[in-house]
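[1] Predicted coordinates and the sequence they were generated for:
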Amino acid sequence: MRKVMGAAVAAGVMLLVAGCGSDGGTDKGGSASGGSSSAGSSSTGGSGGSGGERLDGAAVTAELSGAATGAGFTQDASGEQVPPTLKDCMVSWTADAEKAADPAKAYDATVATLTKGGWNEERSSGQGGSVIKSLKKSTWQLQASNHSAGPLKLVMFVAVDSGPECAAAIAEENAKAKKS
């Protein structure tokens with residue numbers, strides 16, 4: 001189970017970092033700009049949070065935790081941990097889907113709460129009982145995954161700040177991981 005979650009987080013990060021932007025296709029809110037935004041960028045003075053503050057890892061964690069626990073999830077303490085050097089750039093929140101009364105309903109409620117809080121759903125896909133939704137707020141990309149329909153009950157949320165500082169920090173962390 002741990003390897004599955006680790007692989008899921010790695011896949012989520014790769015999807016978020018490599019495919020953050022839209023290709024202008026059928027995605028909601030697609031644009032030819034590749035999804036880049038100056039909102040929230042410290043170099044442009046933009047804001048990312050709801051009160052004019054820059055959105056950081058702690059704020060994303062608070063929003064995500066509030067939405068997920070409010071929907072009936074508890075956090076799975078054995079979920080994937082974010083390296084300390086990336087705490088302001090990445091958030092991983094794994095739900096204990098086994099304990100949720102209805103994981104699919106709680107997942108939908110979590111995503112609905114996040115969208116009401118300013119996260120914009122950019123794309124959604126579903127196959128074989130699994131649903132993956134990509135949301136964006138400021139420079140943050142959030143991948144919400146629900147794989148609770150089958151025997152493996154896995155619901156997780158992985159958010160990555162796609163701003164230049166975090167992109168560099170993530171690349172550095174990936175390079176370190178390849179060496180070890």
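    Here it is on my side, so go on.
[2] what is residue 154 paired to in the beta sheet?
    Per DSSP bridges, the residues bridged to residue 154 are residue 147.
[3] Against residue 123, how distant is it?
    Separation of residue 154 from residue 123 (Cβ to Cβ, to the nearest Å) stands at 20 Å. Quick note: C-beta positions are derived from backbone N, CA and C, even for glycine.
[4] These two: who's more crowded?
    residue 154 (21 against 18; other Cβ atoms under 10 Å).
[5] Isn't that one up against residue 147?
    Yes - using Cβ atoms under 8 Å, residue 154 is in contact with residue 147, at 4.4 Å.
[6] ok, residues contacting stretch 85-96?
    For stretch 85-96, the external contacting residues (Cβ atoms under 8 Å, 6 or more residues apart in numbering) are 5, 9, 13, 56-58, 60-61, 64-65, 68, 73-76, 78-82, 103, 106-107, 154-161, 165-166, 169-170, 172-173.
[7] my hunch is that residue 166 is in a helix, does that hold up?
    Yes - checked against DSSP: H, G, I helix; E, B strand; the rest coil, residue 166 lies within a helix.
[8] State the number of residues packed around residue 88.
    Neighbours of residue 88 (other Cβ under 10 Å): 17.
[9] ok now do residue 172, which residues does it touch?
    Applying Cβ under 8 Å, 6+ apart to residue 172 gives the contacts residue 85.
[10] Over to residue 57?
    82, 87, 88, 89, 90, 91, 161.
[11] Mind pulling the model confidence for residue 33?
    Model confidence at residue 33, given as pLDDT, is 33.
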